[in-house]
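Peer 1: Please work out how this folds:
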Amino acid sequence: MDWAVSNGLVMSTDTPGRVNHAPFTLAPTVVPAGAFHRSVAATPLLHTVIDLGSRDVAFLKESLEKVLDADAFTKRCYDLWVESLAHGPGTPVELGLHRVDYLIDTR
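Peer 2: Here you go, the predicted model:
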């Protein structure tokens, strides 16, 4: 659990400044075929939502400013992003690297 907390594998709680470790497994997990195919089908839509959200400056500022005091890494990324906004668009070419983790609720 220490590793999870010190490496950002955490989720916020209702108590400000407190987190819980995110669910994780140390071994490969069998994914039912139906769940896998639903995940594959949902991925393009999810990436479209991520892309559109990444272009909404007001939304990002409002969302991220809430966590900056609790996460130094996110604050540094945020500060670099705000600084880059001052320089205007740099290139017409963009690359998005998205990591999406799917969790299967077995309850």
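
Peer 1: what secondary structure does Leu52 sit in?
Peer 2: With DSSP: H, G, I helix; E, B strand; the rest coil as the basis, Leu52 sits in helix.

Peer 1: Check the gap between it and Gly96 for me.
Peer 2: 11 Å (CB to CB, to the nearest Å). For glycine as for every other residue, the C-beta is placed from the backbone atoms N, C-alpha and C.

Peer 1: Run a quick neighbour tally on Val49.
Peer 2: Neighbour count for Val49, taken as other CB atoms under 10 Å: 10.

Peer 1: Can you tell me what sits against whatever helix or strand it lives in?
Peer 2: Taking DSSP states H and E as the criterion, Val49 maps to helix 33-54. Applying CB atoms under 8 Å, 6 or more residues apart in numbering, the external contacts of helix 33-54 come out as Val31, Phe59, Leu60, Gly96, His98, Val100, Tyr102, Ile104.

Peer 1: Leaving out sequence neighbours, find the closest residue to Ala70.
Peer 2: Excluding the flanking residues, the one nearest Ala70 by CB to CB, 6 or more residues apart in numbering is Gly17, at 6.3 Å.
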